[in-house]
Every structure is written in C-alpha cells, then in structure tokens.
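Colleague: sharing a model that was predicted from the sequence below.
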Amino acid sequence: MNKGLQIVNASILALNVTFALTLGVVTLIYSFYLDAAPRIREEWSMVGLMTAIFTVLSLTSYAGFFGLWRQKSWRWPAQGLMWASLLLGGALLLRILRT
C-alpha cells in the first residue's frame, strides 16, 4: 500500500513543483512588462497569488512524500495536511479562475 501511495505523492509533488516554478517564471516576466499593457498589470496579482498557492501545495506535498518515504512518525498527519491543502488549494484556484 505504501508503495502505491508513494507513487501518487511523488506525482502530486512533481506536478505542484512544476506549476509553482512555471508560474514563478511567468510572474517574474510579468513584473518586467507591467507597463506594457493594462491587462498585464491586472493579471499580475492573480498570477502571483496562484504562484503562492502552488508553492504552499508543493511544500505540503513534499512533507507528505518525505514522511511516507522515510517512514517518519509524523507521516500520517503530513498526509492529512497534504490532502487537506490540496482540497483547499483546488477550491481557491477554482475561485480565482472563475473571477
């Protein structure tokens, strides 16, 4: 069971880190071109917020993966935190993207 869960955790971690890094680069590029178009300035805060959300999701996913991988005593609370943060983060991202 733990092996399958490790694979799921590693996949979730990889996905969150990829999104966080990609959006971080987009945020950095947007910061250079804020005055180029009004739309960039309007979207910059949204992209920054999404970057922060994926960064937090990456950290909680890492805690869940590392705890399970190394069989730490805190692995199950870390798993709960990871899944709760994924649900909350997903809800926040949906709310942001719908506005």
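Modeller: Yes, it's here. Residues are numbered from 1 along each chain as shown.
Colleague: before we move on, which element is the residue most central in space within the chain in?
Modeller: Central residue of the chain (C-alpha atoms, centre = their mean): Phe54, 2.0 Å from the mean position. Applying DSSP states H and E as the criterion places Phe54 in helix 38-69.
Colleague: the nearest residue to Phe65 once chain neighbours are set aside: what's it in contact with?
Modeller: In this structure, Phe65 finds its nearest non-sequential neighbour in Asn9, 4.0 Å apart by C-beta to C-beta, 6 or more residues apart in numbering. The way it works is simple: take the backbone N, C-alpha and C, and place the C-beta from them, glycine included. For Asn9, the contact set (C-beta atoms under 8 Å, 6 or more residues apart in numbering) comprises Ser61, Gly64, Phe65, Leu68, Trp69, Gln79, Met82.
Colleague: which ones are touching the second one?
Modeller: Going back to what we said before, that points to Gly64. Contacts here follow C-beta under 8 Å, 6+ apart; on that basis Gly64 touches Asn9, Ile12, Leu13, Arg75, Ala78, Gln79, Leu81, Met82, Trp83.
Colleague: check the third one too.
Modeller: Neighbouring residues of Phe65 by C-beta under 8 Å, 6+ apart: Gln6, Asn9, Ala10, Ile12, Leu13.
Colleague: what does the first one give?
Modeller: Taking C-beta under 8 Å, 6+ apart as the definition of contact, the neighbours of Ser61 are Asn9, Ile12, Leu13, Asn16, Val17, Met82, Leu86.
Colleague: quick check, pLDDT for the fourth one.
Modeller: The predicted local confidence for Asn16 comes out at a pLDDT of 98.
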